[in-house]
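**Q** What shape does this take:
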Amino acid sequence: MPILVAGPPEEQAELRQCLGRAGFPMVCLASSIEDVEEALGLWNPLAPATSMDLVILGCGLPQAGVLTLCREIRRWDRWSGLSVVVMADEQGRPEPDASFDAGATEWISGSLDRPENLARIRRAVKVNETASHSQKVERQREEELSLARLVQRRVLSKPIYTDSIEIEAEYIPHGALSGDMYFWCEISPGRYGILLTDVMGHGPSASLACMALRTIMHALVTRVVDPVVVLEEMEKHIHLVHPHSATALYVVIDTVNHTVEYANAGHPPGLLLQASGRIDVMERTALPLGFDLPGRPQKRILPLEVPARLVLYTDGLVEQKGCSIRSGITQLQERLGALRRLGTSQFIAATVMAFNKHLAVDDDLTLITVTVRESSPQQ
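**A** Numbering: from 1, shown residues only. I've put the predicted structure just below:
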């Protein structure tokens with residue numbers, strides 16, 4: 001990439017010759033502050049900007065304009081790592097402190113041919129190359145994370161709306177990627193399987209483990225109905241993504257026979273609000289997955305009193321600073337009863353906002369809400 005040299009024509013020629021003798025043949029010229037602003041695209045954020053290794057602001061430019069230009073360059077993210085060299089006149093103006101405070105990378109006085117000044121130029125070029133490489137790597141990383149985030153969201157189950165049941169979720173990752181994953185579908189007429197898992201940790205590692213588990217979720221929920229067998233199969237697969245562990249809660253809702261079956265592997269308890277107002281708590285029936293400890297998961301069967309509402313969630317919803325998770329679960333139980341008349345979407349929005357989770361999320365958050373109603377006579 002070239003070096004941009006700015007200054008009056010006679011100074012341009014001298015600096016260009018010095019740079020050529022020092023092994024920097026690629027030089028662009030600018031005669032004024034305005035020319036530099038145009039070359040860097042500072043006037044128009046949509047204008048394509050020329051790639052630069054270095055900007056040298058000659059001593060023939062107005063001192064105040066040089067310092068203002070340095071500040072302007074530093075306000076642009078795309079030029080945050082650009083090396084800017086300020087050349088001082090015979091009186092040493094602009095002064096070093098003022099130049100560095102404005103955003104200059106190097107300050108040079110005297111002829112550019114002096115060995116110490118050429119050393120500063122080479123150092124400035126090297127600094128810019130390093131910064132450019134870091135920015136390129138960071139941009140590539142952001143693009144990859146963006147793609148992974150898109151893929152992760154696209155594999156999540158879509159809401160279900162029928163006359164007898166509604167299933168929706170709120171999903172808020174702590175960072176670019178999440179360790180939470182869920183899947184649901186209709187297994188048979190009136191029978192729905194819902195699987196929620198939370199892989200320990202955050203970021204790409206937890207997300208990859210999550211995606212590995214997601215590959216088996218559809219097959220498990222559609223092929224295997226028994227919650228115990230589902231958790232046992234997940235236990236086998238989580239060893240393939242060692243050293244991760246995970247919690248999981250699998251629920252089968254039967255709107256025809258009015259039953260709810262579940263198995264809970266170390267996950268925060270699901271909450272089932274019955275028509276009578278009673279809240280059944282789906283406590284742990286097995287240890288978290290991935291620890292390879294003895295003991296078979298247990299299954300629980302609950303009656304389903306319609307209309308009913310089921311709430312499944314990860315600990316990111318109920319964790320709050322200065323409070324225990326159990327306290328957060330108690331608050332959620334209270335809200336479940338108080339907001340029972342709200343629709344599914346309204347309940348989710350009100351609950352997430354009540355825990356301030358739209359404002360600050362310290363952990364991945366998933367909230368699944370299932371509303372079960374009496375089937376219409378046509379069914």
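**Q** Going by C-alpha atoms from here, please, whenever you check contacts or count neighbours.
**A** Noted.
**Q** quick one: the helices in the stretch 201-350 of the chain?
**A** 203-223, 227-238, 315-318, 325-338, 344-354 (DSSP state H, counting those that start in this stretch).
**Q** avg pLDDT for the longest one?
**A** Predicted confidence along helix 203-223 averages 72 (mean pLDDT).
**Q** for stretch 51-66, same thing?
**A** Average pLDDT, stretch 51-66: 90.
**Q** How far does it stretch from one end to the other?
**A** End-to-end span of stretch 51-66 (CA to CA, to the nearest Å): 20 Å.
**Q** Next: stretch 80-89.
**A** End-to-end distance (CA to CA), stretch 80-89: 26 Å.
**Q** Could you do stretch 262-281 as well?
**A** End-to-end for stretch 262-281, by CA to CA: 11 Å.
**Q** contacting residues around that stretch?
**A** Residues from elsewhere that reach stretch 262-281 (CA atoms under 8 Å, 6 or more residues apart in numbering): 197-198, 227-228, 231, 247-252, 282-289, 297-301, 304-315, 333, 336-337.
**Q** Now, those residues that are in strands?
**A** 197-198, 247-252, 282, 300-301, 308-313 (DSSP state E).
**Q** Are any of those residues buried, and if so which?
**A** Burial by neighbour count, 16 or more other CA atoms under 10 Å: within these this picks out 197-198, 247-252, 282, 308-313.
**Q** Pick the one among those closest to residue 111.
**A** Lowest distance from residue 111 to those (CA to CA) belongs to residue 198, with 64.0 Å.
**Q** how near is the closest residue to that closest one other than its chain neighbours to residue 173?
**A** Of all residues beyond its chain neighbours, the one nearest residue 198 is residue 180 (4.5 Å), with distances taken as CA to CA, 6 or more residues apart in numbering. Distance of residue 180 to residue 173, given as CA to CA: 8 Å.
**Q** Looking at these two, which one has more neighbours?
**A** residue 180 (31 against 19; other CA atoms under 10 Å).
**Q** measure the nearest residue to residue 235 once chain neighbours are set aside to residue 265 for me?
**A** Setting aside the residues directly before and after it, residue 235 is nearest to residue 289 in space (CA to CA, 6+ apart), at 5.3 Å. For residue 289, the distance to residue 265 (CA to CA) stands at 7 Å.
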